[in-house]
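Asker: I'd like to go over a predicted model; first the sequence, then the structure.
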Amino acid sequence: MTNQKTYTLAIVDDHLLFGSSLEKLINSFPEFEVLYKARNGVELQKELSANENIPDLILLDINMPVMNGIETVTWLTEHYPKIKVLALSVEDNEQTILKMIRGGAKGYFLKDIHPDDLKMALLEVMAKGYFYSEMVTATMVNALQPGAKEPLVKLKEKELTFLQLACSEMTYKEIADIMNLSPKTIDGYRQELFNKLRIRNRVGLVIYALKNHLIEL
């Protein structure tokens, strides 16, 4: 009797040999099944449109022709926000890592990652919603050092209050209760901040707030 796979996955990488090897490795994990591979973001868009089964998770390369990883994760965050995206690249550039995380990636790994570590990361991102390796954590800490401050965007009083609360572990519903606002209004504040600050997720809010001393650790 064949074991039922728990999670589905797609691979986006323009290196065919690496992609095929990665597919074989992931399919050997009892919990995961690769639905399909794509060579860039445009091919992924076509696969998502053509297939009824939407993957739970996407492993995404950065440097690809036609539509690269940063463009792809931004598009996925907008059109398929429920899909969890993990960046898998040979590039350890700090700015690239931050762009991917701000774009919506739930983790970032180098391609020389040990298979056991990859499996652990895949399971953790499905269980917790994210997995930040030591490399990503160090990058985020470095980005918060003096001199890394970004231009401060003028925020309304309630936007600032929401931003500070959003940097806690509270859910958006709990924030709505504290601010005596409806969840729909809170969603509006969140989206307005995402647009104003040019970020894509809650991690981006925290990074912005820390850089500009709007909250303290």
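Answerer: Arrived safely, thanks for sending.
Asker: Can you say which helix or strand has Val34 in it?
Answerer: Per DSSP states H and E: Val34 is located in strand 32-38.
Asker: Run the chain-centre distance for that strand.
Answerer: The chain centroid and the centroid of strand 32-38 are separated by 18 Å under C-alpha atoms, centre = their mean, to the nearest Å.
Asker: Mind listing the strands it pairs with, and their directions?
Answerer: strand 7-12 (parallel) (DSSP bridges).
Asker: May I see the buried residues of the strand it pairs with?
Answerer: 7, 9-12 (16 or more other C-beta atoms under 10 Å). Yep, even glycine has a C-beta here, placed from its N, CA and C like the rest.
Asker: How about stretch 66-75?
Answerer: Applying 16+ other C-beta under 10 Å to stretch 66-75 flags 67-70, 72-75 as buried.
Asker: From the residues you listed, pick the one nearest Val85.
Answerer: Nearest to Val85 among the buried residues of stretch 66-75: Val73, at 5.2 Å, using C-beta to C-beta.
Asker: if we can go back for a sec, which residues touch the strand holding Val34?
Answerer: The contact list for strand 32-38 (C-beta atoms under 8 Å, 6 or more residues apart in numbering) reads 5-13, 19-20, 23, 26-27, 44, 46-47, 51, 53, 55, 122.
Asker: How about residues contacting stretch 12-31?
Answerer: By C-beta under 8 Å, 6+ apart, the surrounding residues in contact with stretch 12-31 are 3, 5-7, 9, 11, 32-34, 37-41, 43-44, 58-61, 63-65, 69, 72, 88, 111, 115, 118-119, 122-123.
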